[in-house]
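Peer 1: predicted model follows, preceded by the sequence.
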Amino acid sequence: MYNPKSHKAEEFISHQEILDTLEYAQKNKNNIEVVDKILEKARLKKGLNHREAAVLLDCDIPEKVEEIYALAREIKQDYYGNRIVLFAPLYLSNYCVNGCVYCPYHLKNKHIPRKKLTQEEIRHEVEALQDMGHKRLAIESGEDPVNNPIEYILDSIKTIYDVKRKNGSIRRVNVNIAATTVENYKKLHEAGIGTYILFQETYHKESYEKLHPTGPKHNYVYHTEAMDRAMEAGIDDVSLGVLFGLELYRYEFAGLLMHAEHLEAAFGVGPHAISVPRIKHADDIDPNAFDNGIDDETFAKIVACIRIATPYTGMIISTRESKECREKLLNLGVSQISGGSKTSVGGYFKPMPDSEDSAQFDVSDRRPLDEVIKWLMELGYLPSFCTSCYRQGRTGDRFMEICKSQQIHNFCQPNAIMTLKEYLEDYASDETKAIGEKLILKELELIENEKIKQTVKENLKKIEQGQRDFKF
Ligand code: SAM
């Protein structure tokens, strides 16, 4: 029985409810009256439920599709302005005991070099990331209770926060590790993590079990209920995602939104972010072996419909996608991107020749961070390295409350400007700096509140004079 408030996976992700949703969407996708009614609700910019959003995703009336895209752009602008937050993944270890058939870290892969960073090596990686200008990381690790126990992850988080090179510091460590116990989530919470990230991969239980034939990740219920345990442990910023290409995208889309609705219904706070990865080529993985790959157009529509359905939730797109694809998705709702990423263990300090590479998947956007920043600014975006909400305790429902009242601009816009200034002073190339300085002047003028504007101006001066102890 479908029950979004239940903590049982089979009740908040009900297979039957997804099938009914897909049938409802197929039946109504070209029913102008129904589509218009949904769009009318969507224009209130307070979100849609999974059934309504599924109708929009299926709708193929050209004018309505245009309306969907236009509305996604509008919502993006209203809630996130032109800001794009930057982060980088940091791979700690690719030892893994699972058998995920889409991931080269699967246990049966005997030829991929297995690596686990020592704390010393992590320090080198973090210094290299700080030297690029990064302030926000997502740590990634395979699941292996012997090689990568929770103590190793906790030590690594501490190491990362402790590294301070020149003006560099990592101010927010998000964590993408396998589903674990409430007790371990409590430890992660105490270690001061930002967001806990866990991709569902697929919401389709039968497919899930086939795609994860061996290892602890085989347990669909344990994996699907992970966010409930994380929230029970006090982590109130969690990030969802599915790996598009594994199952039918319509099914995943409905499941993803039901998961978001469940968190809101059961804990009063929806997901902090949603990631939209697609399967990529990797060591012994051929994405063409999976039947459910989606083209760029469908992908864009999924992003637009997620933006409309969950206006308060950040949306993340990684360097799995090309520059061109990322450019298209940025104004449809994406609010956070990675830049200058390496998906191999130890890839920042000592990049490996391809043959020795331990990468998890091929990166399509290989540009250095400075180039990504320049590109964003040339497209009219304001790159942000801000981590302030987390550092000021604006997480979970406190964040959502500010976000829902559209007040988040008052925090994010000034912080984006000031963290960009830090980046320009400390790490940017001359060309990027020149573009950035002009952008900052323009963005300053857009701050309506005179008091805030004055404070920002004063802080910009302090940054120029070398001060870096702000809580951005
Ligand atoms: N090991 C952790 C777990 O089991 O959840 C998470 C870390 S894993 C390094 C991060 C994500 O990379 C996975 O959740 C999966 O969705 C994604 N991934 C794995 N193989 C991939 C591939 N070939 N292409 C794109 N993404 C992939």
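Peer 2: Cool, the structure landed.
Peer 1: ok, and for the longest strand along the chain, which residues are buried?
Peer 2: The longest strand of the chain (DSSP state E) is strand 83-93. Neighbour counts over strand 83-93 (16 or more other C-beta atoms under 10 Å) mark 83-93 as buried. In short, each C-beta sits where N, CA and C put it, glycine included.
Peer 1: and these, which two are furthest apart?
Peer 2: 83 and 93 (32.6 Å; C-beta to C-beta).
Peer 1: identify the residues contacting the closest residue to the ligand within the stretch 301-450 of the chain.
Peer 2: Going by C-beta to the nearest ligand atom, the ligand is nearest to residue 361 of the stretch 301-450 of the chain, at 3.6 Å. Residues near residue 361 by C-beta atoms under 8 Å, 6 or more residues apart in numbering: 104, 279-282, 285, 320, 343.
Peer 1: wait, which of the buried residues of strand 83-93 is closest to residue 212?
Peer 2: residue 93 (19.0 Å).
Peer 1: dihedrals phi and psi, the closest residue to residue 376 other than its chain neighbours?
Peer 2: Distance criterion C-beta to C-beta, 6 or more residues apart in numbering; nearest residue to residue 376, sequence neighbours excluded, is residue 383 at 4.8 Å. Main-chain dihedrals, residue 383, degrees, to the nearest 10: phi -70, psi 140.
Peer 1: do residue 274 as well
Peer 2: Reported as degrees, to the nearest 10, the phi and psi values for residue 274 are phi -130, psi 130.
Peer 1: and the gap between it and residue 154?
Peer 2: 26 Å (C-beta to C-beta, to the nearest Å).
Peer 1: more neighbours: which of the two?
Peer 2: Taking other C-beta atoms under 10 Å, residue 274 and residue 154 do not tie; residue 274 has more neighbours (25 against 16).
Peer 1: pop the domain breakdown of this protein in here.
Peer 2: 78-388, 408-463 (automatic domain parsing).
Peer 1: mind listing what residue 365 touches?
Peer 2: 319, 321-323, 326, 339, 341, 372.
Peer 1: need the three-state assignment for residue 16.
Peer 2: helix (DSSP: H, G, I helix; E, B strand; the rest coil).
Peer 1: in terms of pLDDT, where does residue 142 sit?
Peer 2: Model confidence at residue 142, given as pLDDT, is 98.
Peer 1: which ones are touching it?
Peer 2: 93-98, 105, 148, 178.
Peer 1: and the helices in the stretch 1-150 of the chain?
Peer 2: Along the stretch 1-150 of the chain, counting by DSSP state H, counting those that start in this stretch, helices occupy 9-12, 15-28, 32-42, 50-58, 62-80, 119-132, 150-162.
Peer 1: got a pLDDT number for the residue of the stretch 1-150 of the chain found nearest the ligand?
Peer 2: Taking C-beta to the nearest ligand atom as the measure, the stretch 1-150 of the chain has residue 103 as its residue closest to the ligand, at 3.6 Å. pLDDT for residue 103: 97.
Peer 1: separation between it and residue 212?
Peer 2: From residue 103 to residue 212 the distance is 10 Å (C-beta to C-beta).
Peer 1: and residue 1, what pLDDT?
Peer 2: So residue 1 comes in at 89 (pLDDT).
Peer 1: swap in residue 406?
Peer 2: At residue 406, pLDDT is 67.
Peer 1: mind listing what's buried along stretch 138-145?
Peer 2: 138-144.
Peer 1: interface residues of the stretch 201-350 of the chain facing the ligand?
Peer 2: 201, 217, 243, 277, 279-280, 282, 285, 320 (C-beta under 6 Å from any ligand atom).
Peer 1: for these, give me TSV that also has neighbour count.
Peer 2: TSV is the format used below for these (neighbours: other C-beta atoms under 10 Å):
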residue	neighbour count
201	24
217	22
243	23
277	18
279	23
280	21
282	20
285	21
320	23
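Peer 1: now, the most widely separated pair of those residues?
Peer 2: Comparing every pair within those by C-beta to C-beta identifies 217 and 320 as the most remote, at 20.0 Å.
Peer 1: next, count neighbours for residue 252.
Peer 2: Residues near residue 252, counting by other C-beta under 10 Å: 27.
Peer 1: same question, residue 46
Peer 2: Residue 46: 11 surrounding residues under other C-beta under 10 Å.
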